[in-house]
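Enquirer: Quick one, what's the 3D model for this:
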Amino acid sequence: MSILQITKSANATNIWFDDIKMYLVLEDGRELSVPINWFPSLRDATPEQRKTIGGSSGKVKEFIGKIWMKTF
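Expert: Numbering: from 1, shown residues only. Alright, predicted model coming up:
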């Protein structure tokens, strides 16, 4: 008996914010949103600071890595 393993990418290609959530689009087309309260650095950032995030996928990956490390 074999086990089917599905591997999906977790790399974000786009990111944007509203007043309470961060929205991500992943390389494989999945979309998700999480409360910015989960990430103190996002919660405390101004809307203008949040707008500087996004654009190229490299910039998104770098940003997500930074906020992830600050959270834990």
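
Enquirer: just the helices in the chain please.
Expert: Using DSSP state H, the helices of the chain run over residues 40-43, 47-51, 57-71.

Enquirer: tell me what the second one is packed against?
Expert: Helix 47-51 makes packing contacts with strand 12-17 when contacts are defined by 3 or more C-beta pairs under 8 Å, 6 or more residues apart in numbering; DSSP states H and E. In short, each C-beta sits where N, CA and C put it, glycine included.

Enquirer: Need the CA coordinates for the strand it packs on. PDB is fine.
Expert: What follows is strand 12-17, C-alpha atoms only, in PDB (Å, rounded to 0.1, in the frame of the first residue of the first chain):
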ATOM      1  CA  ALA A  12       4.000  34.000  -1.500                       C
ATOM      2  CA  THR A  13       3.900  35.900  -4.700                       C
ATOM      3  CA  ASN A  14       1.700  38.800  -3.500                       C
ATOM      4  CA  ILE A  15       0.800  40.400  -0.200                       C
ATOM      5  CA  TRP A  16      -1.500  43.200   0.900                       C
ATOM      6  CA  PHE A  17      -3.200  44.500   4.000                       C
END
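
Enquirer: mean confidence for that strand?
Expert: Averaging pLDDT along strand 12-17 gives 83.

Enquirer: what does stretch 33-43 give?
Expert: The pLDDT scores in stretch 33-43 average 88.

Enquirer: could we number from 39 for the rest of this?
Expert: Noted, 39 is the first residue going forward, which turns the last one into stretch 71-81.

Enquirer: Any idea how far apart the tips of it sit?
Expert: End-to-end distance for stretch 71-81, by C-alpha to C-alpha, to the nearest Å: 14 Å.

Enquirer: ok, now stretch 61-80?
Expert: The first and final residues of stretch 61-80 sit 12 Å from each other (C-alpha to C-alpha).

Enquirer: buried ones in that stretch?
Expert: 62, 74, 77, 80 (16 or more other C-beta atoms under 10 Å).
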